[in-house]
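>>> for reference, the sequence and a predicted model appear below.
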Amino acid sequence: MDGDLGSRRRCALGGAVFAVCMAGTTLPTPLYGLYQEKFGFSELTVTVVYAVYAFGVIGVLLLAGNVSDTVGRRPVLWWGLGFAAASAVCFLCATALGWLYAGRLLSGLSAGLFTGAATAYVMELAPRGGASRATFVATAANMGGLGCGPLLAGVLAQYAPWPLYLPFAVHLALVACAAAVLLGLPETVRERRPPATVRPGRPSLPPSVRTVFGPAAAASFVGFALFGVFTSVSPAFLAQSLDVRDHAVSGLVVALAFFASTAGQLAVGRVGVRRSLPLGCAGLLAGLALLAGALHWELLALVVLSAVVGGAAQGLAFRGALSAVAAASAPDRRAAVISALFVVAYTGISVPVIGVGLLAEPMGLEGAGLVFIACMAVLVSSAGVYLLRRPVPAPKAETEAETEAEAEAEAERSG
């Protein structure tokens, strides 16, 4: 019992470190309007600055997605915290646009190191039999941290002095606390090898994962694409179309999407992995429809609803995807497979966002957003239909639980 309590505590602390790192990646979201005023750049530049982060994530995942399987989880997380601190320093020193690019790139490198390694680390810190809870802790730390970033920055920018500096100073302090926590956590990779043995390679999936990975990746792509648009351009839409210039409000709207994602992830335990993916796709389609209505009628209520519905659906689909691919992966390949899933997800959070930025100049934010919504609706509808026809296999533990529940129900009927 004491051992399980200690394992749960370590799992929660690992999740806290994960959340601190991810909060830094969305910290600039409600501040982009202030940076536009300071440096005088266009909406396209906003989306490019945002996407630089995603390219940094993808680059790390492609080149070093499996590095923590080799050298251990903790060394990789140390590097991730170092890049997070360096990113905050760049924003604190920002006197020109180049500092923003550097800060976002470093933030992307940090997130790229953390996504696969920290997710696997939190799962491995959990007690035996706690895989489902650990998956929730990992994905909730990821999305919850992403939600805390814009909320923290928005509140500080609106109600505290030095709006372009104080949020990053606070995050630096949080990174220092996270480093202190990481010092007290154990390494979970038993057979570690020197860094010199790490070799970058093309993404590859074990045969046991491939049938699960395709539909899971499609749902993840659309969910992260929706988040990408919310994070990069929704503050500008709120200010330009709805005349909402309160930084705390714009930060809260973005944060709601990430917090709703956490709630959606929690629902997977009740819904089940097999049903969570198609239901998540249906919810994403509803979130896209609400966002289209918000853009067309320029209603704040619909923006909030689209954030909540789309965020919850994203969480439902993404935790289902993560659970499915993690359960199908061998322990020594888990971080690499998880990293491959995040490559697809972060492609979704970057490429469509740049497309919206390119279209925003000739069409305006509303027109560009509607084109994005139409494209994503086609993709998520296709993924949903595929998943209904070929559901992903349930993890072994879930299948056993369902079998036991069916046996109990049959016994009650017979009695």
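That came through, no problem.

>>> how far off centre is the helix or strand where S381 lies?
Element membership of S381, judged by DSSP states H and E, is helix 351-389. Taking C-alpha atoms, centre = their mean, to the nearest Å, the mean C-alpha location of helix 351-389 is offset from the chain mean by 19 Å.

>>> just stretch 175-194 next, same as before
22 Å.

>>> can you check stretch 104-119 too?
11 Å.

>>> can you list the buried residues in it?
Neighbour-count burial for stretch 104-119 flags 104-119 (criterion: 16 or more other C-beta atoms under 10 Å). (Glycine included, C-beta is placed from N, CA and C.)

>>> can you check stretch 172-182 too?
Those would be L172, L174, V175, A178, A179, L182, for stretch 172-182 by 16+ other C-beta under 10 Å.

>>> list the ones among those that fall in helices.
When DSSP state H is applied, the buried residues of stretch 172-182 are split such that L172, L174, V175, A178, A179, L182 fall in helices.

>>> mind putting these into a markdown table with pLDDT?
What follows is those, written out as a markdown table (pLDDT from 0 to 100):
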| residue | pLDDT |
| --- | --- |
| L172 | 98 |
| L174 | 98 |
| V175 | 98 |
| A178 | 98 |
| A179 | 97 |
| L182 | 97 |
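
>>> what's the neighbour count on the residue lying closest to S339 once chain neighbours are set aside?
Nearest residue to S339, sequence neighbours excluded (C-beta to C-beta, 6 or more residues apart in numbering): G65, at 3.0 Å. Residues near G65, counting by other C-beta atoms under 10 Å, number 27.

>>> now L226
L226 has 28 neighbouring residues, counting by other C-beta under 10 Å.

>>> and if you look at G283?
G283: 25 neighbours (other C-beta under 10 Å).

>>> and the helix or strand containing I58, which residues are buried?
Here I58 sits within helix 43-64, counting by DSSP H and E. Neighbour counts over helix 43-64 (16+ other C-beta under 10 Å) mark 43, 45-62, 64 as buried.

>>> show me what stretch 323-330 is in contact with.
123, 131-132, 135, 206, 208-209, 212-213, 216, 268, 273, 277, 334, 337-338, 341, 392-393, 395-397 (C-beta atoms under 8 Å, 6 or more residues apart in numbering).

>>> which among the residues you listed end up buried?
123, 131-132, 135, 209, 212-213, 216, 268, 273, 277, 334, 337-338, 341, 392-393, 395.

>>> what about the closest residue to R8 other than its chain neighbours, which SS state?
Once flanking residues are discounted, R8 sits nearest to P127: 6.1 Å by C-beta to C-beta, 6+ apart. Put simply, P127 is coil when judged by DSSP: H, G, I helix; E, B strand; the rest coil.

>>> can you report how many residues neighbour P127?
Using other C-beta under 10 Å, P127 is surrounded by 17 other residues.

>>> what residues are up against it?
G3, D4, S7, R8, C11.

>>> please, which helix or strand holds the third one?
If you go by DSSP H and E, S7 is part of helix 2-26.

>>> measure how whichever helix or strand comes after that helix sits relative to helix 43-64, angle-wise.
Sequence-wise, the next helix or strand downstream of helix 2-26 (DSSP H and E) is helix 32-39. Orientation check (axes from the mean of the first three to the mean of the last three C-alpha atoms, to 10 degrees): helix 32-39 against helix 43-64 gives 110 degrees.

>>> okay, helix 32-39 in PDB with CA atoms only?
What follows is helix 32-39, C-alpha atoms only, in PDB (Å, rounded to 0.1, in the frame of the first residue of the first chain):
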ATOM      1  CA  TYR A  32       0.600  38.400 -29.800                       C
ATOM      2  CA  GLY A  33      -1.500  41.500 -30.200                       C
ATOM      3  CA  LEU A  34       0.900  43.500 -28.000                       C
ATOM      4  CA  TYR A  35       3.900  42.200 -30.000                       C
ATOM      5  CA  GLN A  36       2.100  43.200 -33.200                       C
ATOM      6  CA  GLU A  37       1.800  46.700 -31.800                       C
ATOM      7  CA  LYS A  38       5.400  46.800 -30.600                       C
ATOM      8  CA  PHE A  39       7.100  45.300 -33.700                       C
END
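
>>> what comes up buried for it?
Those would be Y32, G33, Y35, Q36, for helix 32-39 by 16+ other C-beta under 10 Å.
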